[in-house]
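In: Next one to model:
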Amino acid sequence: MIVKKLTLADFPKRLSQLADPPELLYARGQFDFTKPTLAVIGSRSPSTYGKTVTEQLISSIRGYEINIISGLALGVDGLACRAGLDVGLAVGAVLPCGIETIYPRTNQKLGENIISSNGILISEYPGTTLPQKYQFIARNRIVAALADAVLIVEAAANSGSLHTASFALDLGTEVLAVPGPINSQLSVGTNMLIKQGARMITSGADILDALKISPRQKQQPRLVFESPEEEKIYKALSAQPLATENLQLNTNLEPIALQQALTLMEIRGEIVCVAGIWSLR
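Out: Model prediction:
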C-alpha cells in the first residue's frame, strides 16, 4: 500500500481558504485537480428516483474531462463513484477515517476500484484511524473545497449534505441541486436549496453549463477494434441503439459473425443489451 503525504500546495487553492484547512492530507492513488471537478453527494438511503437520477446525470457527462469526487458514503456518494467509474471518469473520494482503511466496509471493493482506475482516496487522518462522528462533517468541508461545483441529488431537511453545501457557499463554490417530489422527505433539502438560489439540475447540459464546459469539448476516444465486424457494430450503435435484427440489417453481417462480435464486445463492457436492445456503454 503506497500512501502519499500531501500539503495544501498539492490541491486547489480553495482548500487553503477553509476556516480550518487541514495541515496535511494523506492519499492513495492519483488525480488531476486541474480538470473541472464535480462533487456529487446526497442521501445515504436514496429513493429509486435518487438512484436513477444519480446514474443518469453522471452517464450524461460521459466523455468529458470531468472529475467526480464524493465521500464514499453509503447511498448517493457510493453510487456516484460507481457511476463515474462505469463511464470512465476520474473518481476521487474523501474518507472520514484513516487512509489505510475504508469506511463503510461495504465500500471496500469500491475504494480499491477507484485506486486501480487512476483515481484517488484522500483523508486527513493517518493509518487506520477509526471514524468519529465529528469527522464526517470535517470530511464534508474537504469535499466542498476540492470541487468546482457541488451537486446534491437528494437530501432530507437534516441531511449532512447540507453541511457540504454550506461549506461550498462559504468558499464561493456554486451549489447545484436536483429537484424532487414535494411530498418526498428526501427532496426537502434539495428543493429548499433551489428556493434559496442553488442551480436546478435536470440534465447533463445543466452540469456542463455550471462547470463552464462547452458540449464541443467532449473527448473522442481513440478506438482500436478487434475486428472489422466490431467496427461496423460500433458505428451502427453510435447512431442509435438497435435490436439484434436491425443491427444485422444495418451492418450486413452474417448472424454467427454478428453474435460472436456482440458477445466479445459485451464481455469487454463496450456494449450492453437491455430488453433486446443493444447500445454503447
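
In: Packing partners of the helix or strand Ala168 falls within?
Out: Counting by DSSP states H and E, the element that carries Ala168 is helix 161-170. Using 3 or more CB pairs under 8 Å, 6 or more residues apart in numbering; DSSP states H and E, the elements in contact with helix 161-170 are strand 37-41, helix 133-146, strand 149-152, strand 174-177, helix 188-195. Using the backbone N, CA and C atoms, a C-beta is placed for each residue, glycine as well.

In: packing partners for the fourth one?
Out: Spelled out, it's strand 174-177. The contact analysis (3+ CB pairs under 8 Å, 6+ apart) places strand 174-177 against strand 149-152, helix 161-170, helix 188-195, strand 199-200, helix 204-210.

In: Sheet partners, orientation included, of it?
Out: Strand 174-177 has its sheet partners listed here by DSSP bridges as strand 149-152 (parallel), strand 199-200 (parallel).

In: Dump those to JSON lines, plus mean neighbour count, distance to Asn191 and mean pLDDT.
Out: Output for the strands paired with strand 174-177, formatted as JSON lines (neighbours: other CB atoms under 10 Å; distance: least, CB to CB, whole Å; pLDDT from 0 to 100):
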{"stretch": "strand 149-152", "mean neighbour count": "27", "distance to Asn191": "11", "mean pLDDT": "99"}
{"stretch": "strand 199-200", "mean neighbour count": "14", "distance to Asn191": "10", "mean pLDDT": "98"}
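
In: who wins for proximity to Leu79 among these?
Out: With distances scored as CB to CB, the stretch of the strands paired with strand 174-177 nearest to Leu79 is strand 149-152 (12.3 Å).

In: which other residues reach that closest one?
Out: 36, 38-42, 57, 143-144, 161-162, 164-165, 168, 173-178, 189-190, 193, 198, 201, 207, 210-211 (CB atoms under 8 Å, 6 or more residues apart in numbering).

In: what domains does the record give for the chain?
Out: As given by automatic domain parsing, the domain ranges for the chain are 4-217, 228-280.

In: Span of the first one from start to end?
Out: Taking CA to CA, to the nearest Å, the span from the opening residue of domain 4-217 to its closing residue is 32 Å.

In: would you list every one of the helices in the chain?
Out: 48-60, 76-86, 108-116, 133-146, 161-170, 188-195, 204-210, 228-239, 244-251, 255-267 (DSSP state H).

In: among those, which is the most enclosed?
Out: Comparing the helices of the chain by mean neighbour count (mean count of other CB atoms under 10 Å), helix 76-86 ranks first with a mean of 24.

In: Using PDB, list the CA coordinates for that one.
Out: Taking C-alpha atoms only, helix 76-86 is exported to PDB below (Å, rounded to 0.1, in the frame of the first residue of the first chain):
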ATOM      1  CA  VAL A  76     -25.700   8.600  -3.400                       C
ATOM      2  CA  ASP A  77     -22.000   9.100  -2.600                       C
ATOM      3  CA  GLY A  78     -21.100   5.500  -3.400                       C
ATOM      4  CA  LEU A  79     -23.500   5.400  -6.400                       C
ATOM      5  CA  ALA A  80     -21.800   8.500  -7.800                       C
ATOM      6  CA  CYS A  81     -18.400   6.900  -7.500                       C
ATOM      7  CA  ARG A  82     -19.500   3.700  -9.200                       C
ATOM      8  CA  ALA A  83     -21.300   5.500 -12.000                       C
ATOM      9  CA  GLY A  84     -18.300   7.700 -12.600                       C
ATOM     10  CA  LEU A  85     -16.100   4.600 -12.900                       C
ATOM     11  CA  ASP A  86     -18.600   2.900 -15.200                       C
END
